[in-house]
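**Student:** Test case, fold it:
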Amino acid sequence: MTADGRSAERGTDILGPPYTFETLELPDDDEGRVVATLVHRPASPGTDGRRTTRAVLHVHGFADYFFQTAYAEWWTARGYDFYALDLRKYGRSILPHQTPNYITDLTHHHPELDLAWDRVTAGHRHVVLSGHSTGGLIVPLWADSRRVEARAVVLNAPWFDLQGKAWMRLGLTPLVEQVARRAPRRIVPRTVTGLYARSLHRDHEGEWDFDLSWKPIESWPAYAGWLAAIRRGHADLHRGLSLPFPALVLSSTRSSAPTELDEDVHSTDIVLDVEQIRRWSPALGHHVTYVGIEGARHDVFLSRAEPRARAFDELGRWATAYVDGPGGVS
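**Tutor:** Residues are numbered from 1 along each chain as shown. Here you go, the predicted model:
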């Protein structure tokens, strides 16, 4: 039971056993009731039968939610309990009265991250943070603000800056801020080809199964208030964070902007600019490893088999060197 009398839901997740979910009740906002959802897959049983003290806490990207079971199962096979947080207004957490994916400040996600962190650290003292795309921006900003004592952080194609020329990025930001103050729910015009989601979904050109009502082929609208929040987050990152634990940043080696289905759709990042990811990775802290994965998609762990295997190999080498040991690196 929550503080306001609401019952927290728990049960088998939509992914099926052994995945479970817990609904996290949050304070209401201007649209009404707010929840987040914490998904859990337990670690593979150890030979000694003891419960693991290691865990991963993962956060998804924009127009996204947790369905990346191969990523979770890589960690659970390594002896980590895996937790994934569907943020407010995303995926499992979208309520009928809400504007999907909409917030006006990235700190609005701090309450659910705080609750998830408390749940995970109640039984684990060795916790690795993880974030993809927009989640790869939200997670380090939150961790830096809260000074959390994580073991490490893994960022999969984090959104560290806008795409496009510098003059476009610099000129767009004050304009978006002005619009956001007057009309935060005004939709920002953008071109969405749908090629990225199509490259992933098994009913189109991909191999993965996900709910198209939560991760639409044509994405979700981008609102001025939300984009202004992203740009403030970018500015905070660019000023430099001081994460005291090791960070691994993974991305494709190349970005492209195809307008039709071709090889680039499957072998490059067609969502973000990997040059910006490389440029801003050092801003995370003093112990950052960046690795480019040749032939990877935007979500490197949803790439085709060969680059996906390379991404897991790189993750494994890094985790062995800096994360799995009793002391870690700081």
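**Student:** how much space between the closest residue to Tyr90 other than its chain neighbours and Arg239?
**Tutor:** With Cβ to Cβ, 6 or more residues apart in numbering as the criterion, Tyr90 has its nearest non-adjacent residue at 5.4 Å, and that residue is Tyr65. Where C-beta positions appear, they are placed from N, C-alpha and C, glycine not excepted. According to Cβ to Cβ, to the nearest Å, Tyr65 and Arg239 sit 30 Å apart.
**Student:** same thing with Thr69?
**Tutor:** Shown here: Thr69 relative to Arg239, a distance of 36 Å by Cβ to Cβ.
**Student:** The two - which one has more neighbours?
**Tutor:** Set side by side, Thr69 and Arg239 show more neighbours around Thr69, with 17 against 8, by other Cβ atoms under 10 Å.
**Student:** Now the more buried one: phi and psi?
**Tutor:** Torsion angles at Thr69 (phi, psi; degrees, to the nearest 10) stand at phi -70, psi -30.
**Student:** Do I have it right that it meets Asp13?
**Tutor:** No. With contacts counted by Cβ atoms under 8 Å, Thr69 stays clear of Asp13, the gap being 10.4 Å.
**Student:** Name the residues contacting each of the two.
**Tutor:** Tyr19 (Cβ atoms under 8 Å, 6 or more residues apart in numbering).
**Student:** Asp141: what secondary structure?
**Tutor:** Wrong residue type there; residue 141 is Leu, not Asp. At Leu141 the chain is in helix, as set by DSSP: H, G, I helix; E, B strand; the rest coil.
**Student:** Quick check: it vs Ser267, distance?
**Tutor:** As judged by Cβ to Cβ, Leu141 and Ser267 stand 30 Å apart.
**Student:** now swap in Glu149 and tell me
**Tutor:** From Glu149 across to Ser267, the span is 38 Å (Cβ to Cβ).
**Student:** So between those two, which is more surrounded?
**Tutor:** Neighbour comparison, Glu149 and Ser267: the larger count goes to Ser267, with 21 against 13 (by other Cβ under 10 Å).
**Student:** Do you have the strands of the protein handy? List them.
**Tutor:** Counting by DSSP state E, the chain has strands at residues 10-12, 20-29, 32-41, 54-59, 81-86, 126-132, 152-156, 247-252, 288-293.
**Student:** Turn these into CSV, including distance to Arg186 and mean neighbour count.
**Tutor:** What follows is the strands of the chain, written out as CSV (distance: least, Cβ to Cβ, whole Å; neighbours: other Cβ atoms under 10 Å):
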stretch, distance to Arg186, mean neighbour count
strand 10-12, 38, 11
strand 20-29, 19, 17
strand 32-41, 21, 20
strand 54-59, 26, 24
strand 81-86, 26, 27
strand 126-132, 27, 25
strand 152-156, 30, 27
strand 247-252, 31, 26
strand 288-293, 36, 18
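**Student:** Which stretch among those approaches Trp318 most closely?
**Tutor:** strand 247-252 (4.8 Å; Cβ to Cβ).
**Student:** Neighbouring strands of the closest one in the sheet, and parallel or not?
**Tutor:** strand 152-156 (parallel), strand 288-293 (parallel) (DSSP bridges).
**Student:** Show me the contact partners of it.
**Tutor:** Applying Cβ under 8 Å, 6+ apart, the set of residues contacting strand 247-252 is 140, 152-158, 267-269, 272, 274, 277-278, 281, 284-285, 287-298, 300, 303, 307, 311, 314-315, 318.
**Student:** So what's the gap between that strand and the chain middle?
**Tutor:** Remark: strand 247-252 is offset 12 Å from the chain centroid, using Cα atoms, centre = their mean, to the nearest Å.
**Student:** what does stretch 108-117 give?
**Tutor:** Centroid separation for stretch 108-117 versus its chain: 14 Å, with Cα atoms, centre = their mean.
**Student:** What are the buried residues along it?
**Tutor:** For stretch 108-117, the buried set under the neighbour-count rule, 16 or more other Cβ atoms under 10 Å, comprises 108-110, 112-113, 115-117.
**Student:** mind putting the residues you listed in TSV, pLDDT and distance to Gly171 included?
**Tutor:** Converted to TSV, these look like this (pLDDT from 0 to 100; distance: Cβ to Cβ, whole Å):
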residue	pLDDT	distance to Gly171
His108	98	26
His109	98	27
His110	98	30
Glu112	98	33
Leu113	98	32
Leu115	98	38
Ala116	98	37
Trp117	98	37
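**Student:** Return the distance of the residue lying closest to Asp105 once chain neighbours are set aside relative to His109.
**Tutor:** Here the nearest residue to Asp105 in space, its sequence neighbours aside, is Ala229; by Cβ to Cβ, 6+ apart that works out to 5.1 Å. Going from Ala229 to His109 by Cβ to Cβ gives 10 Å.
**Student:** Likewise for Gly225?
**Tutor:** Applying Cβ to Cβ, the value for Gly225 to His109 is 14 Å.
**Student:** ok, the residue nearest to Arg198 when sequence neighbours are not counted - how many residues close by?
**Tutor:** Excluding its sequence neighbours, the residue lying closest to Arg198 (Cβ to Cβ, 6+ apart) is His204, at 4.0 Å. Applying other Cβ under 10 Å, we find 14 residues neighbouring His204.
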